[in-house]
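A.B. asks: please find the sequence and the predicted model below.
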Amino acid sequence: MTTIEHTPDRAQPERPVFLAENGRRARILGIVAKVAVLVTVLWLAALAAGMLGFGHLPGTSIEQPFNRLINGGEDASKNQAPSTDSASAAVTAAARERAVRAQAIAARRSIAVGTPARRPRARRPALAQPTQPAQPAPGQAAVAQQPRQQGWTRRGYVAPPGQVRKAEPPAPMPTQPGKGLGLVKKTTPITPPPPPPPPPGNGNGNGGPKLK
Amino acid sequence: MAPSSSSVGRPAARWVLLAFLLLALVVLLGVQGLSTRTTGRSATPVRGTPGPLASAGPVLIWDGQRLASNRRSSGHQIALSFDDGPDPRWTPRIAATLRRLGVPATFFVVGSEVARHPDVVRSLHRQGFELGNHTFTHTDLAAVPDWERSLQIALTESSVAGAVAVRPRLVRPPYSSVPSAVNDSQERAYEHLAQRGYVIALSNLDGEDWRRAGVDSIVRAITPRGTEGGIVLLHDGGGDRSQTVAALERAVPALQARGFRFVTVSELGGISSDQTELKAEGWAHRRGQMLLGTLAVARWTTYALGLLLVVVTALFGARVFILIAFARRHVRSVRRAPASEPLAPPVSVVVPAFNEAVGIERAVASLAASEYPDFEVIVVDDGSTDGTASLVEELGLPKVSVLRQANSGKPSALNTGVAAARHEVIVMVDADTVFEAETLMHLVQPLREPGVGAVSGNTKVGNRKGLIGRWQHIEYVMGFNLDRRLYDQLQCMPTVPGAVGAFRRTALDDIGGISGATLAEDTDMTIAIGRAGWRVVYAEDARAWTEAPSTMGELWRQRFRWSYGTMQAVWKHRAAFWRRGEGRIGRRGLPYLVLFQIALPLFAPVIDIFSIYGLIFLNPVAILGFWIAFTGLQLALGWYAFRLDGESPRALWAMPLQQFVYRQLMYLVVIESLLSAVGGTPTQWRSIPRRGEVEVAG
């Protein structure tokens, strides 16, 4: 057994392979990483934006012959054969209740998010619940401006919205606290009166005054 | 061994970035999977009793209180409608047929198909055909919750808006048919959509062309029996639609001859076309385009990954084939080698050691007990602080000497030992490695050939009790009994392991000693010897038992050193690829290293990614079959390697488990190594604590 003390030659240590002389490569790598993150974030953002829905569609106008069917029971009864006018004969009482509930919920949601009631209610004496309004799209103004659809009259207008300024604030709808669909409480008149509706064709359609 | 002077902390930012990109990839594949997963073929629901809409017409809207329809409007009108498109093959043919016949039609498009073939939708729109919504993935609207129903419709709407700047109001629910077939749950689903302003378009005359029952059958099905027309349901996507085209050619003229007038679905329903196809301008259009763009990115990325999967699978298959072929050849060549007198030149055994107190005594004792006539053991203590050198000295073994030096790294310690060695043949051994009594004798035999400059021994895992030990045991057996036999046959051995290797001093002199430029000095040295024109061979009987890392952290450190060191060595010797006289190592060994030790582990994650993707979105049985075949092939390869090594194959039970943790760790190691190499990060030798758990089996 022998033991020897040895002093290694440290004169010229070899330079490790890949070792950067300065921080340039690391900076480039950092930039590439940031670009990758940016591109990924943009892609994710675009995906999220693209996947968002459009929400409710504007109201539908069934001109021939649906308008008669939907907007006026009298007209419908006059102009159409009783057996073929609608699916009402096939709709059960339970289905009707379901529809009314859904309609009320939809209406509540609409109000909660400040969606104005755009489409006038159908005149159905037997089921005179507030209907779920739908937003008109730009260019759909003519649909809801039909004189027979008198939603604007109940809101205190003397002419269809978009044609004439509101004369006075609408009268409060009858309320009964704790009852109803939760819709009535939120439809109290707004003070001060809403600004004049935009002129037709400005992109806002012919919607009535906002409820909140 | 000794750490180098420069070191950096763990670059956590890389892992955050990697995790983020991985998450984005998961989202991307999820989007791609969801947007291509159609839930089933078209079918007509069958019910025994008429449903709640039995007396309703085919076009339904929400009248404020219920679904309402117009039955009377059909009259002598027929609206042709086509579902499940756009299809790049059949939709244009059907459109061309309709144009030639001069009849309008409504195409209810599937959103995911729109995203894939927006040009077909644009063409339909340009030609004046009406567009409707048929959900995004052909989902049964009655079978999904409200949010998913809304999403299905909204995504399709966005897709169409992106393609043609139109928002279709008409919705044809998949799996729908005539109004009488609508059941209660479907009615509720349709109500949900109709309340939001959509128009539900069912049908009166279901062609059932998806059954492909023949042209006559389709023509019969879409021909009204009486004088009242209605909406005809046909398909332009989902399969071969040649019968549909032929049926149109026959049915349309015949129906026209009977006085029927062809209209769009909206016209039949009494709705103006500008209400069923709302304009989507500005942001709405751009948003749709963004959806199409992002889905296209997802699609192309998935395709690219799919191609990569093919390449990786091909590489893997090629490797299996090559390994087995060359291993068999090696075995045959060894058996055929003529018997000769044993070679026993004087040997110097160099043992570099840094803080190896746990195992140095056993290692040196095993060397000293070698059944070999003339040898010396030189332990080079590289500045240990745990009394390694003293322990060796206390053994008082003859033929063993100790060299002490200030800490300067393993290559320096090896060079010190080589300089002190008295003999022509030098054996290098790690300080945690235990030799068998015959190992030295087996190791030097190949040096009988004057062209052989170095010999690789057969390193075996000595601590294989835990799962990590077993995994490494499997890896070592396969690596040494398959890869090294291949290298031997191709004369391109890239690594003589530090644990056990013999060198001709002349070869070491030729390369100027052991370099400290890489973290894998053994690979660096072996490639350099190969470039110097020496052969490097494998001696399978020269077994040495080493202690493998026993925790994941230790394994990570060891494998990073190997992976990064291999990259360094390949890069350092890249000139061998094109230099004359260095072709064996340069054009065989280096490409093999790059392909199978760098590229394959780097891209192998696509196998895992696609396995998960396939299990969720494709046929899970087929994917499971692929996975079983993949694992089975590996097991077969492992069994062959174990058989060659004389090892019991029982340890192979742990091999399928490698797929879940071990392999992923190796991916990360290669990624970390690559990033360190590209970034030029200073790296250090990451020492591994010893436990002295080596057991010599058998």
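C.D. replies: Yep, that arrived. Computed from a prediction, not measured in an experiment: that's the story for all the values here.

A.B. asks: model confidence over stretch B:409-422, on average?
C.D. replies: Mean pLDDT, stretch B:409-422: 95.

A.B. asks: what are the buried residues along stretch A:24-38?
C.D. replies: A:25, A:29, A:33 (16 or more other C-beta atoms under 10 Å in any protein chain shown). Backbone N, C-alpha and C define where each C-beta goes, glycine included.

A.B. asks: try stretch B:521-533
C.D. replies: Per 16+ other C-beta under 10 Å, stretch B:521-533 contains these buried residues: B:521-532.

A.B. asks: and which of those is nearest to chain A?
C.D. replies: Using C-beta to the nearest C-beta, B:Asp524 is the member of those that lies nearest chain A, at 8.6 Å.

A.B. asks: any stretches of the chain with poor pLDDT?
C.D. replies: All of this refers to chain A. A:1-3, A:6-13, A:53-56, A:58-212 (pLDDT under 70).

A.B. asks: nope, chain B please
C.D. replies: By pLDDT under 70, the low-scoring segments of chain B are B:1-11, B:38-50, B:70-73, B:686, B:698.

A.B. asks: top strand in it by residue count?
C.D. replies: The residue-count maximum for a strand in chain B (DSSP state E) belongs to strand B:535-546.

A.B. asks: thinking again about what came up before, let's have the buried residues of stretch B:521-533 in a markdown table, adding distance to chain A and secondary structure.
C.D. replies: Putting the buried residues of stretch B:521-533 into a markdown table (distance: C-beta to the nearest C-beta, whole Å; DSSP: H, G, I helix; E, B strand; the rest coil) gives the following:
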| residue | distance to chain A | secondary structure |
| --- | --- | --- |
| B:Glu521 | 10 | helix |
| B:Asp522 | 15 | helix |
| B:Thr523 | 11 | helix |
| B:Asp524 | 9 | helix |
| B:Met525 | 13 | helix |
| B:Thr526 | 15 | helix |
| B:Ile527 | 12 | helix |
| B:Ala528 | 13 | helix |
| B:Ile529 | 17 | helix |
| B:Gly530 | 17 | helix |
| B:Arg531 | 15 | helix |
| B:Ala532 | 18 | coil |
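
A.B. asks: tell me the one of those residues nearest B:Val31?
C.D. replies: Comparing these against B:Val31 with C-beta to C-beta places B:Thr523 closest, at 42.4 Å.

A.B. asks: from memory the closest one sits against B:Tyr564, does it?
C.D. replies: No. Using C-beta atoms under 8 Å, B:Thr523 is not in contact with B:Tyr564; the gap is 10.9 Å.

A.B. asks: what's the overlap in contacts for the two?
C.D. replies: Both B:Thr523 and B:Tyr564 lack any common contacting residue under the criterion C-beta atoms under 8 Å, 6 or more residues apart in numbering or on different chains.

A.B. asks: just want the angle from the host helix or strand of B:Arg328 to strand B:535-546.
C.D. replies: If you go by DSSP states H and E, B:Arg328 is part of helix B:283-336. Helix B:283-336 runs at 100 degrees relative to strand B:535-546, counting by axes from the mean of the first three to the mean of the last three C-alpha atoms, to 10 degrees.

A.B. asks: so how far is helix B:283-336 off the chain centroid?
C.D. replies: In terms of C-alpha atoms, centre = their mean, to the nearest Å, the gap separating the centre of helix B:283-336 from the centre of its chain is 7 Å.

A.B. asks: helix or strand right after that helix?
C.D. replies: With elements assigned by DSSP H and E, the helix or strand that comes after helix B:283-336 is strand B:347-353.

A.B. asks: who does that next one pair up with?
C.D. replies: strand B:375-382 (parallel), strand B:425-429 (parallel) (DSSP bridges).

A.B. asks: now render those strands as a markdown table, adding mean neighbour count and distance to B:Leu447.
C.D. replies: Formatted as a markdown table, the strands paired with strand B:347-353 follow (neighbours: other C-beta atoms under 10 Å in any protein chain shown; distance: least, C-beta to C-beta, whole Å):
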| stretch | mean neighbour count | distance to B:Leu447 |
| --- | --- | --- |
| strand B:375-382 | 25 | 14 |
| strand B:425-429 | 26 | 6 |
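
A.B. asks: looking at these, which is closest to B:Thr301?
C.D. replies: strand B:425-429 (47.2 Å).

A.B. asks: quick check: angle from the closest one to helix B:521-531?
C.D. replies: 150 degrees.

A.B. asks: secondary structure added to the buried residues of stretch A:24-38, as CSV?
C.D. replies: As requested, the buried residues of stretch A:24-38 are arranged in CSV below (DSSP: H, G, I helix; E, B strand; the rest coil):
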residue, secondary structure
A:Arg25, helix
A:Leu29, helix
A:Ala33, helix
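
A.B. asks: which of those come close to chain B?
C.D. replies: When contact is defined as C-beta under 8 Å from any C-beta of the partner chain, the buried residues of stretch A:24-38 meet chain B at A:25, A:29, A:33.

A.B. asks: excluding chain neighbours, give the residue nearest to the second one in space.
C.D. replies: Beyond its immediate neighbours in the sequence, the residue positioned closest to A:Leu29 (C-beta to C-beta, 6 or more residues apart in numbering or on different chains) is B:Gly679, lying 4.5 Å away.

A.B. asks: kindly report the same for B:Ala115.
C.D. replies: Using C-beta to C-beta, 6+ apart, the closest residue to B:Ala115 is B:Leu295 (4.3 Å).

A.B. asks: close to chain A, is the helix or strand that B:Arg122 is a member of?
C.D. replies: For B:Arg122, the element it lies in under DSSP H and E is helix B:118-126. No. Contact of helix B:118-126 with chain A (C-beta under 8 Å from any C-beta) is absent, the minimum separation being 12.9 Å.

A.B. asks: can you give me how far the next helix-or-strand element following that helix is from the chain middle?
C.D. replies: Remark: after helix B:118-126, the chain's next helix or strand is strand B:130-133, criterion DSSP H and E. Here strand B:130-133 is found 39 Å from its chain centre; the criterion is C-alpha atoms, centre = their mean.
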